[in-house]
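J.: below is the sequence, then the predicted model.
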Number of protein chains: 2
Amino acid sequence: MTFRCEQDFLDLIDRHFPDTPGSARPKRGDDCCIVPRGSNLCLSTDLFLDTVHFRRSYFHPEEIGYKALAVNISDVAAMGGVPKGFTMELMIPDNMPDDFWPRFLTGMSALARKHDLTLGGGDLSRSPNLGVGMTIWGEPGPSGRFLARGDARPGDLLFVVGKIGLARVGFYSLEESGNAARDAFPEATAAHLRPRPKVAEGLALASFPQVRGVMDISDGLARDLPRFLAQSQAKGADLDLSYCTSHPEVLLYAQNHARAPHEVVLLGGEDYGLLGACSPESLRALQASLPELTVIGTATNLPGLRLHGDPLTLPGFDHFTS
Amino acid sequence: MTFRCEQDFLDLIDRHFPDTPGSARPKRGDDCCIVPRGSNLCLSTDLFLDTVHFRRSYFHPEEIGYKALAVNISDVAAMGGVPKGFTMELMIPDNMPDDFWPRFLTGMSALARKHDLTLGGGDLSRSPNLGVGMTIWGEPGPSGRFLARGDARPGDLLFVVGKIGLARVGFYSLEESGNAARDAFPEATAAHLRPRPKVAEGLALASFPQVRGVMDISDGLARDLPRFLAQSQAKGADLDLSYCTSHPEVLLYAQNHARAPHEVVLLGGEDYGLLGACSPESLRALQASLPELTVIGTATNLPGLRLHGDPLTLPGFDHFTS
């Protein structure tokens, strides 16, 4: 599809995100959208750039639109919030395939409908490189509170919700084998291409006062866990990743590449699982509500991370260094 | 300045946007920032990309940081709102000069301080191209209302606040002559490089119930006025741009390029002046409060734009076609 002018592009967006008369949707087409008065908002912003965060050789256009929104929803999920609306900035190169933008918007709008999200507005610009910037906002759920990164105390249990490490296996497999990796590593590639934001899980966690903090794991446990602990009374953690390293696709990938499975799990971000801390006595009630919740260790007074008792020295993933 | 890791960059940002303990500033470092919401919020997002919206050959780094924020503030100003906070997405290429980011943040943070704006959070990413995405939010002023694009009625006066056309002269002069244009066209180049968002003016306009709508002129009057009228009862406008075409730098540029001054004024966006409509009887009170307010014509029942009585057929500026 070629766009004669900006209005053509806006019309395409309107077809995928139709205005519902009388709805609470902010009115688009103005200089700003209006977010109606209510409770406090949580708000987050993320870039999703070609060759940096995705590659068009193996991302379908629908998956690019889906994931650009999904990683933003995940930030609201990690606050225990209910996502309500978003704005998007589209960076539009010349000479995109005719079907790219309709397919991109199809993937994005399907996810938006699933979460009943409003597109509040945005900005379109020609750009040398394809990319999307998104800002999302949400409200607290029935508990009325947002989850911060929190205040893990020594002795607290550290847990994850969602599988970790799989998306990393998917990413490396797709980089190595392109779309053929979808057959060899179906769950891992799906975890990378279409991560499921954990909104219901975040809301459930926010309803437990014994949950002392939650964040989403976007850069890998090895990097995100120290960030989580940095805002806590606890200074370090004793980890046991037996459960996380047992996924057959993680094991297969680790074996093929002569890597220890725990390295894959610790370095793997982008699963958009949730990392949290809770008091030990609350675990049973939490697991009754969230069967997917997996304990990965204990917060400690002793600084540093230890795995099965041994000091852990893996470098974390850094957008600037890896 | 080279950044060993993301934390170095975050530390630099923190030095330019220090957290004030006990302030209402949303807490950064979490998955989202928290925006307290006593009233409705207005929210807007804009891209500011190298070679598309600015050129490093004549934009100083401070001016890039300044203008990226200024154009966003202008959207809140056009709603008659008080800007409160923003998030930013920085697209960071390799091999930027050492002093680029400190100077960029110096320009941006000076403007943020002037408007008492909170940096709520953001996202950093390596990117093939330099760019900034910004999302800003604001609250209504003392009038309690936001200004929408509105509802100009036939017979209403159309006005602008701020000079229009100057930024276009500045842009073309800088493109032609580079930094030498700063001396030849000092006001015009300043209008392009450092547009002043009209926050106080927007607030003043919002306090007059007889103001029937306001928007900021970002794409030129020829393109933005039809958009303004599209949401109005009025269908067209009779224009008289005598006042706007009298600026010596507009006249000099038009003369040098054998263009009619009104073409420069009509096609010139990016002055971030405000365009609005008001009832004729309210003009005197409005001008007493806003001496800079200039009437540019009358809204009409007759569709289309006319200049001094003749139909106007200039194409507007379109990011997609020009």
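T.: That came through fine. Numbers count the residues shown, from 1 in each chain, chains lettered A, B, ... in the order given.

J.: now do the contacts for A:Phe159.
T.: Shown in contact with A:Phe159 (C-beta atoms under 8 Å, 6 or more residues apart in numbering or on different chains): A:Leu275, A:Gly276, A:Ala277, A:Cys278, A:Leu286, A:Leu293, A:Thr294, A:Val295, A:Ile296. Where C-beta positions appear, they are placed from N, C-alpha and C, glycine not excepted.

J.: elements contacting the helix or strand hosting the first one?
T.: So the one you mean is A:Leu275. Per DSSP states H and E, A:Leu275 falls inside strand A:274-278. Under the contact definition 3 or more C-beta pairs under 8 Å, 6 or more residues apart in numbering or on different chains; DSSP states H and E, strand A:274-278 sits against strand A:157-161, helix A:199-206, strand A:211-216, helix A:221-230.

J.: now do the SS call for A:Arg145.
T.: Judged by DSSP: H, G, I helix; E, B strand; the rest coil, the three-state class of A:Arg145 is coil.

J.: er, A:Asp151 actually
T.: The assignment at A:Asp151 comes out as coil when based on three-state DSSP.

J.: ramachandran coordinates for it?
T.: phi -140, psi 70 (degrees, to the nearest 10).

J.: again with A:Ala78
T.: Phi and psi for A:Ala78, reported as degrees, to the nearest 10, are phi -70, psi -20.

J.: chain center to the least confident helix or strand in chain A by mean pLDDT, what's the gap?
T.: One helix or strand of chain A scores below all others by mean pLDDT, DSSP states H and E: strand A:33-35, with a mean of 74. Centroid separation between strand A:33-35 and its chain, computed with C-alpha atoms, centre = their mean, to the nearest Å, is 25 Å.

J.: same for it, what does it pack against?
T.: Under the contact criterion of 3+ C-beta pairs under 8 Å, 6+ apart, strand A:33-35 touches strand A:81-92, strand A:118-126, strand B:41-49.

J.: can you put those strands in CSV and add mean pLDDT and mean neighbour count?
T.: Formatted as CSV, the helices and strands packed on strand A:33-35 follow (pLDDT from 0 to 100; neighbours: other C-beta atoms under 10 Å in any protein chain shown):
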stretch, mean pLDDT, mean neighbour count
strand A:81-92, 93, 25
strand A:118-126, 87, 22
strand B:41-49, 92, 27
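
J.: out of these, which is closest to A:Ala184?
T.: Nearest of the helices and strands packed on strand A:33-35 to A:Ala184, taken as C-beta to C-beta: strand A:81-92 at 32.4 Å.

J.: partner strands of that closest one, parallel or antiparallel?
T.: Strands adjacent to strand A:81-92 in the sheet, as given by DSSP bridges, are strand A:118-126 (parallel), strand A:131-140 (antiparallel).

J.: and the angle from that strand to strand A:41-49?
T.: Between strand A:81-92 and strand A:41-49, the angle comes out at 30 degrees (axes from the mean of the first three to the mean of the last three C-alpha atoms, to 10 degrees).

J.: and strand A:81-92 with helix A:199-206, angle?
T.: Using the same axes, to 10 degrees, strand A:81-92 lies at 140 degrees relative to helix A:199-206.

J.: buried set for the helix or strand just after strand A:81-92?
T.: Per DSSP H and E, the first helix or strand lying C-terminal to strand A:81-92 is helix A:100-114. In terms of neighbour count (16 or more other C-beta atoms under 10 Å in any protein chain shown), helix A:100-114 has its buried residues at A:Phe100, A:Trp101, A:Arg103, A:Phe104, A:Leu105, A:Gly107, A:Met108, A:Ser109, A:Leu111, A:Ala112.

J.: in terms of pLDDT, where does the closest residue to A:Pro311 other than its chain neighbours sit?
T.: Spatial nearest neighbour of A:Pro311, chain neighbours left out: A:Gly304 (6.1 Å); criterion: C-beta to C-beta, 6 or more residues apart in numbering or on different chains. Per-residue confidence (pLDDT) for A:Gly304: 90.

J.: for A:Gly304, phi and psi?
T.: Torsion angles, degrees, to the nearest 10, at A:Gly304: phi 90, psi 170.

J.: OK, contacts around it?
T.: Counting by C-beta under 8 Å, 6+ apart, A:Gly304 has contacts A:Lys235, A:Gly236, A:Pro311, A:Leu312.
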